[in-house]
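# need the 3D shape of this:
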Amino acid sequence: MPTEEELFAQRLDKRARLRLEGDPYPARLERTHEAKAAVAAFEAAEQGGAQPGDTSDLLVSVAGRVTAQRGMGKVAFVDLRDGSGRIQLQLRQDTLGAAFEALSLLDIGDFIQATGRLFRTRTGEITVGVESWQVITKALRPLPEKWHGITDMETRYRQRYLDLIANERSREIARLRADVVLAVRRFFHDRGFIEVETPVLQEQYGGAAARPFTTHHNTLDRELYLRISLELHLKRLLVGGFDKVFELGRVFRNEGIDRRHNPEFTLLESYEAYADYHDVARMVEELYRFVAREVVGTMQLPYGEHVIDLEAPWRRVTYREALLEHTGIDYTKHTELADLRAIARERGVEVADGASWGTVLDALMSEFVEPKLIQPTFLLDYPAEVSPLAKRKADDPTVAERFEMFIVGGEMANAYSEQNDPVEQRDRMREQAQKAAEGDDEAEIADEDFLTALEYGMPPAGGLGFGIERMVMLMAGEPSIREVILFPAMRDNQR
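Residues are numbered from 1 along each chain as shown. Here you go, the predicted structure:
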């Protein structure tokens with residue numbers, strides 16, 4: 001069997017021979033139909049009463065990648081695939097003459113254009129009877145062995161283009177993701193939200209508990225951060241007079257990689273003046289149902305061994321009630337860090353030395369509660385200590401008006417009644433700064449310009465944030481974020 005280098009050389013030779021007759025990389029071409037549209041046109045003609053063999057009005061020009069080639073003496077069949085699907089070509093020596101002999105220069109993976117009339121073969125397959133054809137891209141590298149079913153994860157994620165060539169499922173997920181984004185945009189636009197864009201490079205990172213990526217701006221000669229959240233700039237727009245804003249934006253978090261986390265991902269955040277977190281919760285239910293209906297056409301979503309029911313009323317339970325239910329721990333009776341850390345240690349939960357009380361509490365929730373929240377569940381009323389940007393409840397200042405929404409054991413959305421008291425917000429950010437100084441790397445960073453903006457007045461508002469990838473994972477029934485990101489972060493392949 002030839003080596004890859006030998007096959008590359010053979011294809012280079014074929015490229016040179018094709019160049020003697022013309023350009024195997026033309027800048028443009030005339031295509032009348034995508035593959036799917038050509039098939040549909042033939043079926044429509046049949047339904048309109050066209051007789052078998054009557055293809056006089058069905059001249060088409062199609063183009064795409066060659067995915068299979070079968071020769072039978074003076075007749076050859078080629079499978080052609082474009083972005084819409086696959087169609088079969090029939091090439092006959094008696095029709096093409098010298099152009100038939102040029103098939104010897106054709107390889108799997110090449111792109112060609114073919115013009116001819118549609119007909120059904122004896123086996124019933126709709127086919128283009130080719131009258132002329134040309135190579136429009138000569139592929140120099142052969143597709144991997146067994147390319148039609150690449151299963152090696154490293155190859156699939158590192159060379160996603162090969163995965164997309166080989167696996168229809170990967171193409172389906174990519175299309176589904178695009179449909180999800182479109183549906184989300186439509187949902188917010190239909191409700192009067194204005195879509196905006198905010199800076200990716202920021203002087204201060206904030207709005208989330210995450211480590212940033214840093215970069216240096218040469219002209220300004222200063223360090224900047226890639227944003228970890230959209231929140232603080234969007235809330236500046238509420239100060240500026242917008243009532244409903246949202247952004248779909250890429251964010252960057254310099255943290256771990258696992259099946260639910262990628263260092264860069266697409267975040268949606270929305271802010272609505274004169275709403276609170278209960279209003280946002282109702283909107284989230286409507287949003288998920290709208291997207292499911294638009295994209296997959298059902299409220300019952302298979303996911304592993306579960307079927308997620310978006311139609312049934314979504315459960316609402318407080319943070320305290322959920323922790324009591326699943327662990328018997330009432331965190332309000334363990335307000336000292338040493339006490340809570342001892343409980344975590346007894347239960348086998350490891351936390352960093354510099355972790356705050358809130359970080360230890362979150363570790364307990366992550367270990368014992370969140371994995372059990374399979375059907376859609378709103379976890380309401382988080383401790384104020386772990387919610388520095390949320391408004392405290394009027395009847396209990398130790399609790400924040402905040403929810404996180406969970407499905408299949410993972411966080412799917414986070415929302416607050418936004419803190420708009422500038423004095424209170426400044427105090428909360430100072431507390432966070434102290435935690436950061438004590439070694440808690442999940443503490444919020446104070447943003448002085450944002451605090452100044454609040455001092456000009458921000459209306460009461462409900463805010464929402466969720467990762468698009470996790471919504472796509474749910475709609476697609478995929479457990480790994482790498483399946484729904486076309487180019488996920490990968491470790492150095494030399495290691």
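# can we go C-alpha only for contacts and neighbour counts from here?
Fine.
# what's the average pLDDT for stretch 199-210?
Stretch 199-210 carries an average pLDDT of 88.
# next, the buried residues of that stretch.
200-202, 204-210 (16 or more other C-alpha atoms under 10 Å).
# so where is this protein shaky, pLDDT-wise?
Residues of the chain meeting the criterion pLDDT under 70: 49-56, 145-151, 439-443, 493-495.
# possible to save the buried residues of stretch 199-210 as CSV with distance to Pro459 and secondary structure?
As requested, those are exported to CSV (distance: C-alpha to C-alpha, whole Å; DSSP: H, G, I helix; E, B strand; the rest coil):
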residue, distance to Pro459, secondary structure
Val200, 25, coil
Leu201, 27, strand
Gln202, 24, strand
Gln204, 23, coil
Tyr205, 23, coil
Gly206, 20, coil
Gly207, 18, coil
Ala208, 21, coil
Ala209, 24, coil
Ala210, 27, coil
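# not counting sequence-adjacent ones, nearest residue to Tyr217?
To be clear, residue 217 is His; Tyr isn't right here. Leaving aside its sequence neighbours, His217 sits nearest to Glu223 (C-alpha to C-alpha, 6 or more residues apart in numbering; 6.3 Å).
# specify the local secondary structure of that neighbour.
strand (DSSP: H, G, I helix; E, B strand; the rest coil).
# count the residues that sit near Val251.
Neighbours of Val251 under the rule other C-alpha atoms under 10 Å: 19.
# ugh, wrong one, I meant Gly463
Neighbours around Gly463, by other C-alpha under 10 Å: 28.
# name the element the most far-flung residue of the chain relative to its centre belongs to?
Going by C-alpha atoms, centre = their mean, the residue of the chain most distant from its centre is Asp94, 49.8 Å out. Using DSSP states H and E, Asp94 maps to helix 93-96.
# tell me which residues in that helix are buried?
Buried, per 16+ other C-alpha under 10 Å, within helix 93-96: nothing.
# ok, stretch 363-382 next?
For stretch 363-382, using 16+ other C-alpha under 10 Å, the buried residues are 363-366, 369-370, 373-382.
# give me the distance between the two termini of it.
End-to-end distance for stretch 363-382, by C-alpha to C-alpha, to the nearest Å: 14 Å.
# now that stretch, how far from the centre of its chain.
23 Å (C-alpha atoms, centre = their mean, to the nearest Å).
# what sits up against that stretch?
With contacts defined as C-alpha atoms under 8 Å, 6 or more residues apart in numbering, stretch 363-382 is touched by 281, 308-310, 314-320, 322-323, 326-327, 344, 349, 351, 399-411.
# buried subset of these, written for ChimeraX?
Remark: buried members of these, expressed as a ChimeraX selection using 16+ other C-alpha under 10 Å:
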select :281,308,309,310,314,319,320,322,323,344,349,351,399,400,401,402,403,404,405,406,407,408,409,410,411
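# show me which helix runs longest in this protein.
In the chain, ranked by residue count with DSSP state H as the criterion, the top helix is helix 168-190.
# all set, thanks.
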